[in-house]
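Engineer: this is the structure alone, sequence omitted:
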């Protein structure tokens, strides 16, 4: 996907997983391709950072209480972020790990620049 960046803004994406019994398997099935996609967007300067969200009683990923994903993007518009999200394996019909009804794209401002996780 090619997105031209002239004036970019930061957006936080909160992408809760579905809560059905098969959701952890779908997460695992999508992980490799999802990370590959985000790595490329990171190299392009669009994806800044991200990771998994954990249940309130989970303090680390080893607890296995992953509840979804959180990502920060630098794009011109919410529409550009939505295109990225809707093109990701975690959104598509093949996997559908993220809950489409609960996913949020939120404009975000930090007085300190958000460093790129991947360069």
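Structural biologist: Everything's here; your move. Just so you know, these numbers come straight off a predicted model, no measurement behind them.

Engineer: all the strands of this protein, residue numbers only.
Structural biologist: For the chain, the strands defined by DSSP state E occupy 9-16, 47-54, 66-75, 104-108.

Engineer: list the buried residues of the shortest one.
Structural biologist: Okay, so that is strand 104-108. For strand 104-108, the neighbour count (16 or more other Cβ atoms under 10 Å) marks residue 105 as buried. Using the backbone N, CA and C atoms, a C-beta is placed for each residue, glycine as well.

Engineer: ok, now the second one?
Structural biologist: Residues of strand 47-54 classed as buried by neighbour count (16+ other Cβ under 10 Å): 47, 48, 50, 52, 54.

Engineer: for that strand, give the mean pLDDT please.
Structural biologist: For strand 47-54, the mean per-residue pLDDT is 91.

Engineer: end-to-end on stretch 86-96?
Structural biologist: Length of stretch 86-96, first residue to last, Cα to Cα, to the nearest Å: 10 Å.

Engineer: what's that stretch in contact with?
Structural biologist: For stretch 86-96, the external contacting residues (Cβ atoms under 8 Å, 6 or more residues apart in numbering) are 1, 15, 18, 26-27, 29-30, 33-34, 37, 69, 85, 97-98, 100.
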